[in-house]
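Asks: after the sequence you'll find the predicted model.
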Amino acid sequence: MHPTHRTDDRRKRKHNPHMTKRIFFSGSLATALVLILITTCGAANDAISSAEKPDKNKPGIAETKAIAEEGFIYGLPIVMNYAVMYEYAVDRNSSQFKAPFNQLKNEPNVFTYKDTAIVTPNSDTPYSVVWMDLRAEPIVLSVPAVDPKRYYSVMLCDGNTYNYGYIGTRATGSEAGDYMVVGPGWKGQTPPGIKKVFQSSTWMSLAAYRTQLYGPDDLDAVRKVQAGYKVQPLSAYLKQPAPPAAPAIDFPKIDDQLAKKNFFEYLDFALQFAPAQPNEAEIRAKLARIGVGPGKTFNFKDLSLKHKLAIGLAMKEGDKKVDRAVADAGKNINGWQISSAPGDSAHYNGDWLLRAVAAKAGIYGNDAVEAMYPFTRKDGDGQTLDSSKHNYTLTFPPGELPPVNSFWSLTMYDGKSQLLIENPINRYLINSPMLPSMKMNADGSLTIYIQKDSPGADKQANWLPAPNDPIYLVIRLYWPKTEPPSILPPGNGTWKPPAVKKVN
């Protein structure tokens, strides 16, 4: 799932086309930290200083900085997730608000050039989303029977940003079914009729639905599928009285600036809904030493000046480390960047940097087995794609279309804004459902014409309109094949995307 919220951050950075909430951290972080340090007063009896007094083993400045840097990397996905959840399910005044907890929101349309709040949008699969509060009782997700030819998936992602389960064409098939999502430590009985139980590692969790759209005239059919998605508490599913409601939560407001200034306070808050897993014991213990964790009292504005400096610098260094890892992720093949960081808890295995990379490059991205997203800004010679200067082609050799069990697409974006572009034929992508209307070459290969002007009536079926500007291209492979030829494993598969070639 990608959408990436826009910022004015113009730093050069590689992006995966997943859903990305870009609030951490712009180049203004250092300035913001200085302002915070100047305008807030440090206290000699802050949480860290007080902790140091009775016990000489409590962390000094150097250790505080080291813990804070590691804690920032560990906590980045958790705080990013909280920011999205707050906008989507808590703040009804947010322009991004979808629905309250445990209520499904269907988005009945795909994105076009008119949608400017989200960058690198998927124009293949309309979304449905539900944020689940699992504290009072489990939630049952029911799906209808879906035509096996139509891809759909329900990705379950918890507050730790672990993809802990899938429902859909690849994972569970196309038949109707009822599935139960439970919170941490749940050990109840599985009711009759429930096909599978998925356990979240946190009390709040996201279910993100993707439903394939064949073309503009297929929207009504997609809406019919979406109408069959159902979300209800277990008690309603069993037609039993509901248990007592969970206590109300006073969610702290969050936005870009607050996230930068009060990062560890948000992490403090979020961790109370995320019971520690065995592989978190060490990092949780370290964070507790600087007053961060469930029941702790970390408050940045109350820290002494020396501790503010240490933690502020640690956050800055941690953010730089994540950015470097994002830039180095994956492998460049024929100008296309190929990588896949998202996964479940076992996939990360306590590698907090990898988890932070996955979140910052594309929070809520699919596991590689569900979808892969090669992307490029370069032609085969390593030159920046710019259709204001050149025309391009992308040719798939005979029998070498992207190898998928479901479908693939090639989507065009403006290279500067990463938005879909207005064009005379309202075409934002070329995908495999369009193949019957496209022209194959005599040898069986497929050439796609990538340029701002029409290549002519005889080639228009294969035309992917480009901006009068730099280009950003994304290939999406839904349910990639695992047997050769395959793009899997990421960066080392037997199938490789062909280079984009400059024509003139």
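Replies: Great, that's in hand.

Asks: for burial, what's the neighbour tally of the residue nearest to Val500 when sequence neighbours are not counted?
Replies: Leaving aside its sequence neighbours, Val500 sits nearest to Asp379 (C-beta to C-beta, 6 or more residues apart in numbering; 4.7 Å). For every residue, glycine as well, the C-beta is placed using N, CA and C. Counted by other C-beta atoms under 10 Å, the residues lying close to Asp379 total 21.

Asks: so what's Tyr449 up against?
Replies: By C-beta atoms under 8 Å, 6 or more residues apart in numbering, the residues touching Tyr449 are 391-393, 455, 459, 462-464.

Asks: in strands, which of the residues you listed appear?
Replies: If you go by DSSP state E, the contacts of Tyr449 have 392-393, 463-464 in strands.

Asks: what would the residues you listed look like in TSV with pLDDT, neighbour count and distance to Pro489?
Replies: What follows is the ones in strands among the contacts of Tyr449, written out as TSV (pLDDT from 0 to 100; neighbours: other C-beta atoms under 10 Å; distance: C-beta to C-beta, whole Å):
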residue	pLDDT	neighbour count	distance to Pro489
Tyr392	98	23	29
Thr393	98	19	29
Trp463	98	21	34
Leu464	97	23	28
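
Asks: Val357 contacts Ala329, doesn't it?
Replies: Yes. Counting by C-beta atoms under 8 Å, Val357 touches Ala329, with 5.7 Å between them.

Asks: quick check: neighbours shared by these two?
Replies: Residues within reach of Val357 and of Ala329 at once, by C-beta under 8 Å, 6+ apart, are Ala341.

Asks: neighbour count: these two, which is higher?
Replies: The neighbour count for Val357 versus Ala329, taken as other C-beta under 10 Å, is higher for Val357 (28 against 20).

Asks: right, and the helix or strand after the helix or strand hosting that one?
Replies: Assigned by DSSP states H and E, Val357 belongs to helix 352-362. For helix 352-362, the following helix or strand on the C-terminal side (DSSP H and E) is strand 371-372.

Asks: hang on, isn't Lys331 packed against Ile338?
Replies: Yes. The pair Lys331 / Ile338 is scored as a contact, 5.5 Å apart, by C-beta under 8 Å.

Asks: more crowded one of the two?
Replies: When Lys331 is set against Ile338 and neighbours are counted by other C-beta under 10 Å, the residue ahead is Ile338, at 25 against 12.

Asks: Thr376 is in contact with the more buried one, correct?
Replies: No. Using C-beta under 8 Å as the test, Ile338 is too far from Thr376 to be in contact (9.8 Å).

Asks: list the contacts of Asn423.
Replies: Applying C-beta under 8 Å, 6+ apart, the residues near Asn423 are 113, 465.

Asks: quick check on it: phi, psi?
Replies: Asn423 adopts backbone torsions of phi -150, psi 160, taken as degrees, to the nearest 10.

Asks: ok, now how distant is it from Ser387?
Replies: In this structure, Asn423 and Ser387 are 11 Å apart, going by C-beta to C-beta, to the nearest Å.
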